[in-house]
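Enquirer: attaching a predicted model along with its sequence, questions to come.
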Amino acid sequence: MKYVDEFRDGDVARGLAAAITREARADRNYSFMEFCGGHTHAISRYGVTDLLPPNVRMIHGPGCPVCVLPIGRIDLAIELALERGVTICTYGDCLRVPASENLSLLKAKALVDKSRADIRMIYSATDALALARAEPQREVVFFAIGFETTTPPTALVIQQAKAEGLTNFSVLCNHVLTPAAISNILESPEVRQYGTLPLDGFVGPAHVSTVIGSQPYEFFAEEYRKPVVIAGFEPLDVMQAIRMLVRQVNEGRAEVENEFTRAVTREGNLKAQQLVSEVFELRRSFEWRGLGEVPYSALRIRSAYAAHDAEAKFALDYRSVPDNKACECGAILRGVKKPQDCKLFATVCTPENPMGSCMVSSEGACAAHFTYGRFRDIDVVTI
Amino acid sequence: MSAEVKKAYVRPLDLKHGRVDMSHGAGGRAMAQLIEEMFLKAFDNEWLRQHNDQASFAITGGRMVMATDSHVVSPLFFPGGDIGCLSVHGTINDVAMAGAKPLYLAASFILEEGFALGELARIVESMARAAREAGVPIVTGDTKVVEQGKGDGVFITTTGVGVVPPGVNISGDRALPGDVILLSGFIGDHGTAIMSKRESLAFDTEIVSDTAALHGLVAAMIDAVPDIHVLRDPTRGGLATTLNEIAQQSGVGIMLDEAAVPVQPQVNAACEFLGLDPLYVANEGKLVAICAAEHADALLAAMRAHPLGANAARIGSVHADAHRFVQMTTGFGGRRIVDWLSGEQLPRIC
């Protein structure tokens, strides 16, 4: 496949691996966090860690939109479907996220009164809009999640709904912001005080950065003295970024570098940014699974579009719900623990029956490790 | 006084505008007419001509094999095939994967009220053609009709019987450490062809389903290497699921070589933008064969000599592993698990 296979070439990978091994100093360790779930998935699926020297360690970050969604937000969607007769439309991964009372959107789907409501999986925000347009008697709510990558399409459907006067369409907005999450990790006691989370740099987001550009990361590089290398989601992108991070650390630099120049510029997509700021404004605070309340870390719909804001339209009242006590998703999302450190991992918590959100999406650290890498935890015959 | 018997006039089935109604499943004249004019006409053979509720046939000695398969594919017509030929191929392949020669098929139809008779005729003709080409007659059957909204056009269940030649012992629990794994051709074609026609996904592609009856290929393989250990067709859940089933049944580990698994570039591309892994996408005309290493070259040559195995490849090996993991060396140079399919990748693929 043209333009894809080039970024998965085994020979180039071996060359890069040799270069990383050569350049990484034997007398020190390197710990880099890949922020995005897309990177986590690529690392696991292609076996990138097998190619890295033992003193270069990758830590999974919180950049998986499904994983950071707190139980209380899913509960709101379930309440709308079961008690308010609303048809919820959302992306496939959201359906299996565990919510309160042993429910998930998927399980709630079986309980919905299908004569007026439903829970449906869609591929794009415009599918939800099309449903509202086609069935005016149906109350449709698009349960919107994601980082900056999926925010512009949500903004677009809200504007369209307003322009068309679609009174039966609204959005339950859960869009969150990448830079706020990175700050939160860098400010966490594990990084700042105890040093229990050694962090030498970040593999920066790919698709998010196509929208927001590389500029927003400059603050972290300067303020916290942590190098950031923005990388694409292909395995060679990740390896090249790791090599660039090793070099920065060796040379004592802390800069924002861009490996993903084929898609990311310093300014990002100005048109998309403009669209987002027309429709959304900052929330004072938002709860993240694993990180807790994070100030100015999410978006809400501006009052000019209140008719299409499900929180305003249905006067929803958010209640925070704690995770299962034994679930380590929180610590795993902060990079403090690994999936195999959790007692639930691969016992009661599996992709078929997820207890925590990290086991749900293929981008989640637990699901990726379970699906692709769990043989590393036990002795298996290798040939 | 001689009276001429007057033949009752029956208006023929209206294949242009007619639709299935409840009477077509009620056991009366309408059902008899549907069976006569549609099923018997298309499937015609000595067993059906007897008009019995069952088919009777002499059996030869040896081990018999029986398999059944329900088909609920959506859409009913897809590039490269339809539910009709699929329902014939699917069951023939299940019988053939025991190394058996398939002999007879039974077919059961669940029709939805309102389904166009013309479309049903197309499906039945496609089944008849597939059965004729395979040399496996459909010797008995059944028809039921459900109310509108209780079905989705047509569901077809087929059952097949066959006989295993003497000296052949093929089973999912016979993979042994040291064995070699062969695959008969490109994976993912059927699933990708179906997806390209789904309403919510629809995309343009030239990929067609690989649906085919594999018993001819199997016979040629057994001729070359009678001691094949395992045969299986990787349908729903794809190659990954089939290999996990075999690892589980045989109590062994499997190591795949990603670079050796044949995937057409169009299928790779479609899977890439749909976020799917071709290893999990369904096939309807492919098989996995496992045999001792010393027989692998002869078996591979026999597969490649058959049109349905022209792109056959050696894709991995079996080893001892108490955890029964299916692992893969990635084209990238790393190693990973190829796990069971979790959840549902795509409903109603066959």
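Expert: Yep, it's here.
Enquirer: can you pull the contacts of residue 284?
Expert: Because you didn't say which chain, this covers chain A. By Cβ atoms under 8 Å, 6 or more residues apart in numbering or on different chains, A:R284 lies in contact with A:P295, A:Y296. All C-beta atoms are positioned from the backbone trio N, CA, C, and that covers glycine.
Enquirer: could you do chain B instead?
Expert: Counted by Cβ under 8 Å, 6+ apart, B:E284 has contacts B:81, B:86, B:89-90, B:93, B:190, B:209-212, B:233, B:235, B:350.
Enquirer: which one (most neighbours) among the residues you listed?
Expert: Each of the contacts of B:E284 was scored by neighbours using other Cβ atoms under 10 Å in any protein chain shown; the highest score is B:H190's, at 33 neighbours.
Enquirer: close to chain A, is the one helix or strand that residue maps to?
Expert: Here B:H190 sits within helix B:189-195, counting by DSSP states H and E. No. Judged by Cβ under 8 Å from any Cβ of the partner chain, helix B:189-195 stays clear of chain A, getting no closer than 11.8 Å.
Enquirer: residues touching the helix or strand just after that helix, excluding its own?
Expert: Sequence order places helix B:215-224 as the next helix or strand after helix B:189-195, per DSSP H and E. Residues outside helix B:215-224 that contact it (Cβ under 8 Å, 6+ apart) are B:92-93, B:95-97, B:99-102, B:134, B:136, B:162, B:165, B:168, B:184, B:228, B:231, B:287, B:289, B:298-299, B:301-303, B:305-306, B:308-309.
Enquirer: and if we set it to 7 Å?
Expert: B:92, B:96, B:99, B:101-102, B:134, B:165, B:168, B:184, B:228, B:231, B:289, B:298-299, B:302-303, B:306, B:308-309 (Cβ atoms under 7 Å, 6 or more residues apart in numbering or on different chains).
Enquirer: avg pLDDT for the helix holding B:H190?
Expert: Mean pLDDT, helix B:189-195: 93.
Enquirer: sorry, back to before: dump the contacts of B:E284 into JSON lines; add distance to A:F202 as well.
Expert: Shown next, in JSON lines, are those (distance: Cβ to Cβ, whole Å):
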{"residue": "B:G81", "distance to A:F202": "49"}
{"residue": "B:L86", "distance to A:F202": "50"}
{"residue": "B:H89", "distance to A:F202": "52"}
{"residue": "B:G90", "distance to A:F202": "50"}
{"residue": "B:N93", "distance to A:F202": "50"}
{"residue": "B:H190", "distance to A:F202": "42"}
{"residue": "B:S209", "distance to A:F202": "45"}
{"residue": "B:D210", "distance to A:F202": "45"}
{"residue": "B:T211", "distance to A:F202": "48"}
{"residue": "B:A212", "distance to A:F202": "50"}
{"residue": "B:D233", "distance to A:F202": "46"}
{"residue": "B:T235", "distance to A:F202": "43"}
{"residue": "B:C350", "distance to A:F202": "45"}
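Enquirer: let me know the closest of the residues you listed to B:A175.
Expert: Of all the contacts of B:E284, B:A175 sits closest to B:D233, with 15.7 Å by Cβ to Cβ.
Enquirer: quick check: longest helix in the chain by residues?
Expert: Answering for chain A, as no chain was given. In chain A, with assignment by DSSP state H, the single longest helix is helix A:235-250.
Enquirer: the chain in question should be chain B.
Expert: helix B:117-134.
Enquirer: buried ones in it?
Expert: For helix B:117-134, the neighbour count (16 or more other Cβ atoms under 10 Å in any protein chain shown) marks B:117, B:119-128, B:130-132, B:134 as buried.
Enquirer: repeat for stretch B:253-261
Expert: B:G253, B:I254, B:M255, B:L256, B:D257, B:E258, B:V261.
Enquirer: quick one: secondary structure of the second one?
Expert: In this case it means B:I254. Secondary structure assignment for B:I254 (DSSP: H, G, I helix; E, B strand; the rest coil): strand.
Enquirer: any idea how far chain A is from it?
Expert: 11 Å (Cβ to the nearest Cβ, to the nearest Å).
Enquirer: so that residue versus B:A320, what's the distance?
Expert: When distance is defined by Cβ to Cβ, to the nearest Å, B:I254 is 11 Å away from B:A320.
Enquirer: ditto for the last one
Expert: Here the criterion is Cβ to Cβ. By it, B:V261 lies 23 Å from B:A320.
Enquirer: chain center to the least confident helix or strand in chain A by mean pLDDT, what's the gap?
Expert: Ranked by mean pLDDT, DSSP states H and E, the weakest helix or strand in chain A is helix A:189-192, scoring a mean of 81. Its chain's C-alpha centre and that of helix A:189-192 lie 22 Å apart, by Cα atoms, centre = their mean, to the nearest Å.
Enquirer: equivalent analysis for stretch A:70-79, please.
Expert: Worked out by Cα atoms, centre = their mean, stretch A:70-79 lies 18 Å from the chain centre.
Enquirer: let me know the pLDDT of B:Q345.
Expert: pLDDT, read off for B:Q345, is 61.
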